[in-house]
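> got a predicted structure here, sequence first:
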Amino acid sequence: MSIEDSHDTPGRLARRNFLKTGGAAVAAGTALGATLGLSSVAQAAVPAQRHAASADPMLAVEPFYGEHQGGIVTPQQAHTYVAAFDLTTASRDDVIDLLRAWTQAAARMTQAQPAASLDGIGDDRAAPDSGDALGLGPAGLTVTFGFGPGLFASEGKDRYGLSHKRPAALVDLPRFNGDQLIAAKTGGDLFVQACANDAQVAFHAVRQLARAGDGILRMRWGQAGFLSGPRKETPRNLMGFKDGTNNPPTADPKLMNQFVWATAADAPWMQGGTYTVVRRIRITLEHWDRTELGFQEQVFGRRKYSGAPIGKHHEFDAVDLDAQDKDGNPLIPDNSHVRLSNRASNNGAQILRRSYSYNDSTDFYIERWPPWRQETEYDAGLIFVAHQSDPRKGFIPINEKLSKFDLMNQFTTHVGSAVFACPPGAKPGSFIGAELFSA
């Protein structure tokens, strides 16, 4: 429904009331209960859930409020649903009300509560929650929010009086060599990333937030993703290789401050946040699966099954870019993914990868030139998610090199792209991005 449609239907009135009150049918209780709108039963269950998290991932609880947003350095959950939205409202107050409502709803859902209280809702009112995740448990849910360039200005217009607060690091991504970007899978004013140990829990969270924004925004794109790999091990992508081995350790505050958390003086409201690049990368698995194992390992610069760098034996052995074979050739090829993306090849730059695989079934492919192929192919690949303190020093220079020289390019095509400023974590009683909207 567009912003021009101003008819106050019952559903629209319910939505507006939800935004104005921040989903405020919240039960009173202890400090934690008052903040999150938890019942006394749910409050009592939280410690037990945390205690049982290691045994049952469906009972894991991740905190919503904190210095940083969850879902950035949080150990990766098994599933994600990422989505981007375009704002359709011209009102700054609408955006603030939406973010306030989203904050309270997300805080509740991370505690396995409905997006808003179910108490006192009659049959003649819009349902405060779709109900599809009731009883599933918190499942380690994290909800991460980001702001795209369009929040600050769109088509040259400063819609919400925020253009002067746009960080210099929130740059429009350049078009990289080989990009085949699809407009419907690219960009967005607002970003939501829900990660959980259950696919339904993750999708449910995004769905409730989308419902809350009816009449204020419209979905631009959404994508479900999953991880493959045993818990506490580096996950494997659909190409069968471990993905994220060379990440900076998230438990090292010094490295996180250096590479992940934003500190630039031009945007104090982003202090403790991060800049997130999302790329939808389609992989031609049919081509990859017909390729010899040895060549696959040359493409990555790693052994497929152990994850070790070529020339080494274990996954976390240091990458030796100077190692040569008996003929004096590099053991790790010059155009391998590991060499080109390595910190040593990029003036010390590093990013935090937090990617997921996706599988959107199949589609039909036809070539109108030799060899005239016609076949059904997988629509599958990688939701590349990278966090960094500044994309101009992280993703952009690294990907400029990869897009031109990486052997992997013959198997992959970037079809979606977006960049977002993910602010620091919200404080109880406040809302996500509050510092951006302060005078």
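On my side now, so go ahead.
> against G225, how distant is the residue nearest in space to the middle of the chain?
Geometric centre of the chain, nearest residue: Q193, 4.4 Å, by CA atoms, centre = their mean. From Q193 over to G225 the distance is 10 Å, taken as CB to CB, to the nearest Å. To be clear about C-beta, it is placed using only N, CA and C from the backbone, and glycine gets the same treatment.
> got it, and P391?
P391 is 21 Å from G225, by CB to CB.
> repeat for P268
33 Å.
> so between the two, which is more surrounded?
Taking neighbours as other CB atoms under 10 Å, P268 and G225 compare with G225 leading, 23 against 13.
> A helix includes that one, no?
No: read with DSSP: H, G, I helix; E, B strand; the rest coil, G225 is strand and lies in no helix.
> wait, isn't it in contact with Y358?
Yes: proximity of G225 to Y358 meets the contact threshold set by CB atoms under 8 Å, at 4.8 Å.
> joint contacts of the two?
I383 (CB atoms under 8 Å, 6 or more residues apart in numbering).
> D119 versus the closest residue to L118 other than its chain neighbours, what's the distance?
Nearest non-adjacent residue to L118, counting by CB to CB, 6 or more residues apart in numbering: P128, 6.2 Å away. Distance of P128 to D119, given as CB to CB: 9 Å.
> the more surrounded of those two?
P128 (22 against 12).
> so that one: helix, strand or coil?
For P128, the assignment made with three-state DSSP gives coil.
> repeat for A184
At A184, secondary structure determined by three-state DSSP is helix.
> touching, it and R220? I think so.
Yes: A184 lies in contact with R220 (CB under 8 Å); the separation is 7.4 Å.
> show me which of those two is the more surrounded one.
R220 (21 against 10).
> element containing that one, please.
Using DSSP states H and E, R220 maps to strand 217-226.
> next SSE after that strand?
Past strand 217-226, the next helix or strand by DSSP H and E is helix 253-259.
> CA atoms of the following helix or strand past that following helix as PDB?
Downstream of helix 253-259, the first helix or strand assigned by DSSP H and E is strand 274-283. Extracted C-alpha coordinates of strand 274-283, given in PDB (Å, rounded to 0.1, in the frame of the first residue of the first chain):
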ATOM      1  CA  THR A 274      29.900  -1.300  11.700                       C
ATOM      2  CA  TYR A 275      29.500  -1.000   8.000                       C
ATOM      3  CA  THR A 276      27.900  -4.100   6.300                       C
ATOM      4  CA  VAL A 277      28.300  -5.100   2.700                       C
ATOM      5  CA  VAL A 278      25.800  -7.700   1.400                       C
ATOM      6  CA  ARG A 279      26.300  -9.400  -1.900                       C
ATOM      7  CA  ARG A 280      24.200 -12.100  -3.500                       C
ATOM      8  CA  ILE A 281      26.600 -14.300  -5.400                       C
ATOM      9  CA  ARG A 282      25.200 -17.000  -7.700                       C
ATOM     10  CA  ILE A 283      27.500 -20.000  -8.200                       C
END
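> just to revisit the earlier point, helix, strand, or coil at the residue nearest to the centre of the chain?
strand.
> look up how far G273 lies from it.
Q193 is 13 Å from G273, by CB to CB.
> and if you look at V73?
Relative to G273, V73 is positioned 12 Å away (CB to CB).
> now do G294
43 Å.
> cool, G429 as well?
Noted for G429: a distance of 19 Å to G273, by CB to CB.
> who's more crowded, these two?
Between G429 and G273, counted using other CB under 10 Å, the more crowded position is G273 (31 against 11).
> contacts only, for the more buried one.
G273 makes contacts with H68, Q69, W261, A262, A421, C422, P423, P424, as judged by CB under 8 Å, 6+ apart.
> and with 6 Å instead?
Counting by CB atoms under 6 Å, 6 or more residues apart in numbering, G273 touches A262, C422, P423, P424.
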